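Trainee: Compute the structure for the input listed below.
(one chain, ligands or ions: 3)
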Amino acid sequence: MKVLKFGGSSVAQPDRIRGIVEILKDYYAAGDHFTVVFSAFGGVTDNLIEMSELAARGDDRYGQLFQEFADRHQLAIGELLTNEKLQQETAHQMRRSHEVLKNLLYGIFLVREASPRTMDYVLSFGERSSSYIISQVLQQAGVPAEFLDARRIIKTDKTFGNAKVAFEKTYAKIKEHYREHPKVQVVTGFIASAKGGLTTTLGRGGSDYTASLLAAGLKAQAIEIWTDVSGVLTADPRRVEKAFTIPKMTYAEAMEMSHFGAKVIYPPTLMPALQNRIPLYIKNTFQPDFPGTKVSEESDPDGEAVRGISSINNVALCTVSGTGMFGVPGIAGRIFGSLAAANINVILITQGSSEHAISFAVQPSDAERAREAVEAAFAFEIARGVVNAVKVERDLSVVAIIGENMRYQPGIAGRLFRALGKNGINAVAIAQGSSELNVSVVISREDETKALNALHETFFLSDYKTLHLFIVGVGLIGGTLLKQIDQQNDYLRERRGMELKVVGLANSKKMIFAPSGIDLSRWKESLVQSSIPIDLAVFVGRMRDLNLSNSIFVDNTADSKIASFYETILDESISISTPNKIATSSGYLQYQRLKNIADKRGVQFRYETNVGAGLPVISTLRDLIDSGDRITKIEGVLSGSLSYIFNTLDGILPFSDIVREAREKGFTEPDPRIDLSGKDVARKILILARETGVPLNAEDVHVNGFLPEEAMAAASVEDFFNVIEDQAAYFNELYESASREGKVLRMIATLDSDQATVGVQAVGPDNPFYTLSGSDNMIVFTTDRYRVRPLVVRGPGAGAEVTAAGVFAEIIQIGSSLS
Ligand code: ADP
Ligand code: ASP
Ligand code: MG
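Mentor: Ligands and ions are numbered 1, 2, ... in the order given. Predicted structure coming up:
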């Protein structure tokens, strides 16, 4: 004998019911003995609650809802039953039954009250209607089915809404009934009866429980819970997109998952199954051939440590504290005794080792009563001031990682807290079951989905990790970066287990957001069509509110306004990658503050492309320092624009023409003086100095300019060009005097102990910078280890393609560090 149960979502529409009839026909044809339990049609229990509540408030709109309820069932009869006689009989039967419901609701409307007892009776119409109709449809399909109202066989106490089962009585009744009824019994889930025939219910989601009670009574060989997902998944698929089916788990694991919020199995279901060692299969109605999940006593010592992740969306945390609790036995007993007496269910308990405080989580609706119960129990101590009034914190969630094998593996809790920390999620309280089957953490409700996703990525490595990118600036660098990400995403997903989703994008006019990822093949159109004007504060606010795991902000601009938001962004535990030099080269204290905030929040503030574009300059420097080397000197040609200009000088072409051409090719800033004056190079050596640990400010860098003062002072860029054109002879002489000695011009930045200088030098063939060509950059590190032959990084140091690639690589590095 097998017991099958189909949930509300599986019977929400007539065509879904047709699918189930096909499944059951196959069982019957195969000669399987089975009985089948049905929930109410999807949403019906909620509808019934709503109509009773309206009626109890004296709101006559309940009538409309009732009519929809009745129509929905009649429509299903019309669609599913083609046999006229059966159809009429069923429709008639339902009309009679629904007439009773109508009168009942009218009664509620008149007395303005729906007691729990009445409510259970109202709710019973959901399961009674669905199961009856489906039993008729099965008969039509040739399965000898018989409708069974579970109130005849499942006996409970009178705790309406959540009745306690009288097991022995129930099992006896089940046996007796099935002995006398050989046909396929089609049973109402969820409902039962108490003494005197009063209708009770087993708690929301209780049809699963009905199935396992039947299975226990019948000593069935299996229970199959058919639902709308492919088994028990590693996490709730509505919150964690990447959740996947757990093929096998133990009763204990399933119990923990369901107690910690995995709605797929109603928690009490597992006990009768476990006691009778009946395996439970969770299957998908929409994919009947998929094996789903098997829950049994078989454990798998070689399996993953963490089997699944669950959460309870809304809890309140009560804390009892005070000096009078230290070393006094019986405190916990009194707290939990008082809660038990008040019939309050405790979800989680933690006690600090100091014994000064005990916290426990309860349903928010129980929090006030819990506080009163505990305060009454400790009235004497509270009056004497040795125990404090109970503190109640609300809007919290519990997330739990679950798995039998956790106890064999050290370091699990460490990984859990690291993943939460890196995502800026604060743990309000922590508890570990003594059986080490779960570790649960109380966090702010706002962080629940983010925490689930971050933990899923941490513990289920077979899956890929998603990085959520917020990108500002889509000019040359930004646009190229988007193209590169789009091209590389498949590779990253397959080979690196990483997916990059751009969820926020802005240019200087507009912004767009798409939590599921912006389509990178048409980001330009999306930005043009966007109706949201750019507002950085709003952009940053959205990043915070979306609260996505592994969020990274990418600033592809040179804008100081954007840099002014870095502090807020890092403080929200969002990492930053940027080629923008403003934040790193402005005040030293500001630079240091940003780094400190990033450290404190466990996120990254990265700016490799500030120096040498895509060349690994800053990371090389960091690696040297981290591995214990000491930097004695850094020399570098750090400006691609100046390299290009000096490499093009030939004594024939006028200097002004070369600069003009460089500008037109995008090799210089719009105002070339920023490059020619050495200002840009000064910022770069400043950044390198800071990375080395020398706390310089911009004014500490000595810049020996080579531009005549008049050129620097020119009012406009055009005036500037006029001046340098007039001064052709001066520039020519600069070149010639070097050339006569067989030398070339280079703008060289130097950091020697704590002195930073920038200036144009004429260098000969014996100098490493002599051979540079095109827009090459070259950085020479002299260190304790690289004393005789310095370490050199050399290559193209400007251009959108290499800079964007540098930012891209940095994003991936940040991603790798995030959990
Ligand atoms: P039914 O109507 O079949 O009883 P439920 O809605 O009660 O279905 O339970 C199935 C739902 O449980 C799924 O649609 C899913 O959203 C939710 N759920 C929560 N956690 C999990 C999990 N870990 N695995 C599978 N489903 C889960
Ligand atoms: N119909 C009931 C509910 O919605 C029972 C169930 O679906 O299991 O809670
Ligand atoms: Mg359910």
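Trainee: now the helices for the stretch 151-300 of the chain?
Mentor: In the stretch 151-300 of the chain, helices defined by DSSP state H, counting those that start in this stretch lie at 167-180, 207-218, 251-259, 270-275, listed in chain order.
Trainee: Give me whichever of the ones you listed is most buried.
Mentor: helix 207-218 (a mean of 27; mean count of other Cβ atoms under 10 Å). All C-beta spots, glycine's among them, are computed from the backbone N, C-alpha and C.
Trainee: counting contacts, what elements does that one pack onto?
Mentor: strand 2-6, strand 34-38, helix 167-180, strand 184-188, strand 222-227, helix 270-275 (3 or more Cβ pairs under 8 Å, 6 or more residues apart in numbering; DSSP states H and E).
Trainee: leaving aside the residues next to it on the chain, what's closest to residue 504?
Mentor: residue 470 (3.9 Å; Cβ to Cβ, 6 or more residues apart in numbering).
Trainee: How is the residue nearest to residue 754 when sequence neighbours are not counted assigned, secondary-structure-wise?
Mentor: Nearest residue to residue 754, sequence neighbours excluded (Cβ to Cβ, 6+ apart): residue 694, at 4.7 Å. Look at residue 694: counting by DSSP: H, G, I helix; E, B strand; the rest coil, its state is coil.
Trainee: Helix or strand: which one has the closest residue to residue 351 other than its chain neighbours?
Mentor: Leaving aside its chain neighbours, residue 351 sits nearest to residue 358 (4.8 Å; criterion: Cβ to Cβ, 6+ apart). According to DSSP states H and E, residue 358 maps onto strand 357-362.
Trainee: And for that strand, what's in contact with it?
Mentor: Residues outside strand 357-362 that contact it (Cβ atoms under 8 Å, 6 or more residues apart in numbering) are 315-321, 325, 331-332, 335-336, 339, 344-351, 370, 396, 398, 429, 442.
Trainee: and this protein, which residues reach ligand 1?
Mentor: Contact residues, the chain versus ligand 1 (Cβ under 6 Å from any ligand atom): 7-10, 39, 205, 227-229, 232-233, 235-238, 257, 262-264, 308.
Trainee: near ligand 3, which of those show up?
Mentor: Counting by Cβ under 5 Å from the ion, 7, 205 from the residues of the chain next to ligand 1 sit close to ligand 3.
Trainee: Check the offset of the strand holding residue 358 from the chain's centre.
Mentor: 26 Å (Cα atoms, centre = their mean, to the nearest Å).
Trainee: before we move on, the earlier item: so can I have a markdown table of the helices and strands packed on helix 207-218 showing mean pLDDT?
Mentor: As requested, those are exported to a markdown table (pLDDT from 0 to 100):
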| stretch | mean pLDDT |
| --- | --- |
| strand 2-6 | 98 |
| strand 34-38 | 98 |
| helix 167-180 | 98 |
| strand 184-188 | 98 |
| strand 222-227 | 98 |
| helix 270-275 | 96 |
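Trainee: Ok, which of the ones you listed comes nearest residue 611?
Mentor: strand 222-227 (56.1 Å; Cβ to Cβ).
Trainee: got the angle for the closest one vs strand 34-38?
Mentor: 30 degrees (axes from the mean of the first three to the mean of the last three Cα atoms, to 10 degrees).
Trainee: right, and residue 304 touches residue 403 too?
Mentor: Yes: here residue 304 reaches residue 403: they are 6.6 Å apart, a contact under Cβ atoms under 8 Å.
Trainee: neighbour-wise, which of these two wins?
Mentor: Taking neighbours as other Cβ atoms under 10 Å, residue 304 and residue 403 compare with residue 403 leading, 28 against 17.
Trainee: about what we covered before: among the contacts of strand 357-362, which ones are in helices?
Mentor: 331, 332, 335, 336, 339, 370 (DSSP state H).
Trainee: Excluding covalently adjacent residues, which one is nearest to the first one?
Mentor: Same thing as residue 331. residue 325 (5.1 Å).
Trainee: Count the neighbours of the residue nearest to residue 351 for me.
Mentor: What residue 358 shows, counting by other Cβ under 10 Å, is a neighbour count of 19.
Trainee: measure it to residue 61 for me?
Mentor: 47 Å (Cβ to Cβ, to the nearest Å).
Trainee: give me every residue that touches the residue nearest to residue 331.
Mentor: Contacts of residue 325 (Cβ under 8 Å, 6+ apart): 331, 355, 356, 357, 358, 386, 387.
Trainee: Can you lay out the residues you listed as JSON lines showing distance to residue 27 and pLDDT?
Mentor: Listed next are these as JSON lines, based on distance: Cβ to Cβ, whole Å; pLDDT from 0 to 100:
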{"residue": "331", "distance to residue 27": "56", "pLDDT": "86"}
{"residue": "355", "distance to residue 27": "57", "pLDDT": "63"}
{"residue": "356", "distance to residue 27": "59", "pLDDT": "81"}
{"residue": "357", "distance to residue 27": "55", "pLDDT": "88"}
{"residue": "358", "distance to residue 27": "51", "pLDDT": "92"}
{"residue": "386", "distance to residue 27": "65", "pLDDT": "91"}
{"residue": "387", "distance to residue 27": "60", "pLDDT": "93"}
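Trainee: Buried only: go through those residues for me.
Mentor: For the contacts of residue 325, a burial check counting by 16 or more other Cβ atoms under 10 Å picks out 331, 357, 358, 387.
Trainee: and ligand 3, which of these reach it?
Mentor: Applying Cβ under 5 Å from the ion to those, none is adjacent to ligand 3.
Trainee: Which one of the residues you listed is nearest to ligand 2?
Mentor: Taking Cβ to the nearest ligand atom as the measure, ligand 2 lies nearest residue 358 of those, at 33.4 Å.
Trainee: Give me the longest helix you can find in this protein.
Mentor: Max-length helix for the chain by DSSP H is helix 84-111.
Trainee: Identify each buried residue in that one, please.
Mentor: Those would be 86-87, 90-91, 93-94, 97-98, 101-102, 104-105, 108-109, for helix 84-111 by 16+ other Cβ under 10 Å.
Trainee: hmm, back to that, for residue 186, find the nearest of the helices of the stretch 151-300 of the chain.
Mentor: Comparing these against residue 186 with Cβ to Cβ, the closest turns out to be helix 207-218 (11.7 Å).
Trainee: The closest one near ligand 2 at all?
Mentor: Yes: between helix 207-218 and ligand 2, judged by Cβ under 6 Å from any ligand atom, the touching residues are residue 207.
Trainee: Going along the chain, name the strands of the stretch 501-650 of the chain.
Mentor: 511-513, 551-555, 575-577, 605-606, 631-637 (DSSP state E, counting those that start in this stretch).
Trainee: Distance from the last one to the middle of the chain?
Mentor: It stands for strand 631-637. On Cα atoms, centre = their mean, the centre of strand 631-637 falls 43 Å from the chain's centre.
Trainee: name the helices or strands packed onto it?
Mentor: By 3+ Cβ pairs under 8 Å, 6+ apart, strand 631-637 packs against helix 618-626, helix 679-692, strand 744-752, strand 776-783.
Trainee: And the next helix or strand past the longest helix of the chain?
Mentor: Sequence order places helix 116-140 as the next helix or strand after helix 84-111, per DSSP H and E.
Trainee: Flag every buried residue along the helix or strand of the chain with the lowest mean pLDDT.
Mentor: For the chain, counting by mean pLDDT, DSSP states H and E, strand 429-432 ranks last in confidence among helices and strands (a mean of 86). Residues 429, 431, 432 are the ones in strand 429-432 that count as buried (16+ other Cβ under 10 Å).
Trainee: Neighbouring strands of that strand in the sheet, and parallel or not?
Mentor: Here strand 429-432 is paired, per DSSP bridges, with strand 438-444 (antiparallel).
Trainee: can you state the direction angle for the partner strand and strand 357-362?
Mentor: Using the same axes, to 10 degrees: strand 438-444 against strand 357-362 is 90 degrees.
Trainee: Identify the residues contacting the closest residue to residue 129 other than its chain neighbours.
Mentor: For residue 129, ignoring the flanking residues on the chain, the nearest one in space by Cβ to Cβ, 6+ apart is residue 73 at 5.2 Å. Taking Cβ under 8 Å, 6+ apart as the criterion, residue 73 is in contact with 41, 94, 98, 129, 133.
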